[in-house]
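J.: quick one: sequence and predicted model below, then my questions.
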Amino acid sequence: MPELPEVETVRAGLAQHLVRAKVSSIAISDARSLKRNVAGVQGFVDELTGSTLQAVVRRGKFLWLPLSGERALVGHLGMSGQILVRTPDFAPDPQTRVVIYVETEAGEPLEIRFVDQRLFGGLMIDDLAPTPDGLGAGFSPEAEAASVIPTTVAHIARDLLDPHFDAEAVAVKMTKKNSAIKRVLLDQNLLSGIGNIYADESLWLAKLHYDKPASSISKKKHLELIEIAAEVLRKAVAKGGTSFDEQYKNVNGESGYFSQSLNAYGMTGLPCKRCGMPIKREAWANRGSHFCPKCQKR
DNA sequence: AAAAGTACCTGCGCGC
DNA sequence: TGCGCGCAGGTACTTT
């Protein structure tokens, strides 16, 4: 569910409260939200307790909070995850799986609540390793991102808003893909941050059909699509992301309002804002694709 | 090696 | 009212 703009909204919210906060204790009510946790629940608790959260960094849809130069708390929201920052007196949030109790730099006690309906998201503690190119690993304006990345995130490509994102190189790779253009846009190993909403939105803006083979699209058009997608992501970040229901919230439990700007996703049956033809939804690759049958020809 | 398919979960709204 | 089905913003693993 959460794509780059939603995750960035969460990152910024966490950074506001948690930089240099110290972990006091942890409560795990559902260990299924701890992923790849070879050290066990107790190992997770032991390592995190007493540690200081140094920064909040994001690459694509992944977040991590360095605990030192070598280890980090990594989080992913999956389809339905939220990370809420609450004061201790705040009412319980349904589907809270993990609570990390912290004391902020200013000495205020806060709770980081990891909430997740479907359990596709999760937290883990992981090693940090140098990035292959030696450049900053992700986005973290409050504390310049170090050039170390969690090993479990290393295979994720730089996202479209990353200052080191190489649009030219990615566009060349896209022309060589023998897959549908939408599948390529969703390939986090090639370019990260785009999910189903922003893929459909970008393709609508670029007037491309989701199932058009990427190899049949020129490099120039791929570059245009990349720039369109980056702009959509930037605008969505500015509006706090897209919220349709209770599933996506920022760290304060508030909805974003980019849904007002959507042209294709979730607009099935409504007139295309360019030509008036009803937007169509088709099942595709185990998900839905929304597009204008007139503006977006295969 | 690349590309496609499947598994992992819970809960909601819909039609019957 | 109840039940089964389809649907939901993602990723990792397996298969072809």
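T.: Nice, I can see it.

J.: any low-confidence regions in the stretch 151-298 of chain A?
T.: Scanning the stretch 151-298 of chain A for pLDDT under 70 picks out nothing.

J.: what does it have sitting close to DNA strand B?
T.: A:176-180, A:183, A:285-286 (C-beta under 7 Å from any atom of the strand). (C-beta placed from N, C-alpha, C; glycine too.)

J.: just the buried ones from these, in ChimeraX syntax?
T.: To isolate the buried members of those in ChimeraX, using 16 or more other C-beta atoms under 10 Å:
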select /A:177,179,180,183
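
J.: closest to DNA strand C among the residues of the stretch 151-298 of chain A next to DNA strand B?
T.: Using C-beta to the nearest atom of the strand, residue A:286 comes nearest to DNA strand C of those, at 6.8 Å.

J.: for that closest one, phi and psi?
T.: phi 60, psi 20 (degrees, to the nearest 10).

J.: do residue A:25 as well
T.: Torsion angles, degrees, to the nearest 10, at residue A:25: phi -160, psi 170.

J.: possible to save the residues of the stretch 151-298 of chain A next to DNA strand B as TSV with secondary structure?
T.: Shown next, in TSV, are those (DSSP: H, G, I helix; E, B strand; the rest coil):
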residue	secondary structure
A:176	coil
A:177	coil
A:178	coil
A:179	coil
A:180	strand
A:183	helix
A:285	coil
A:286	coil
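
J.: greatest separation within the residues of the stretch 151-298 of chain A next to DNA strand B: which pair is it?
T.: A:176 and A:286 (24.5 Å; C-beta to C-beta).

J.: separation between the closest residue to residue A:138 other than its chain neighbours and residue A:137?
T.: Excluding its sequence neighbours, the residue lying closest to residue A:138 (C-beta to C-beta, 6 or more residues apart in numbering) is residue A:59, at 3.8 Å. According to C-beta to C-beta, to the nearest Å, residue A:59 stands 6 Å off from residue A:137.

J.: which neighbours do the two have in common?
T.: residue A:149 (C-beta atoms under 8 Å, 6 or more residues apart in numbering).

J.: which residue ranges form the helices in the stretch 1-150 of chain A?
T.: Secondary structure of the stretch 1-150 of chain A, counting by DSSP state H, counting those that start in this stretch: helices at A:4-18, A:40-48.

J.: between the two ends of stretch A:124-139, how far is it?
T.: End-to-end distance for stretch A:124-139, by C-alpha to C-alpha, to the nearest Å: 19 Å.

J.: mind checking the pLDDT average for it?
T.: Mean pLDDT, stretch A:124-139: 95.

J.: hmm, that stretch in reach of DNA strand C?
T.: No: Stretch A:124-139 does not reach DNA strand C (C-beta under 7 Å from any atom of the strand); its nearest approach is 10.0 Å.
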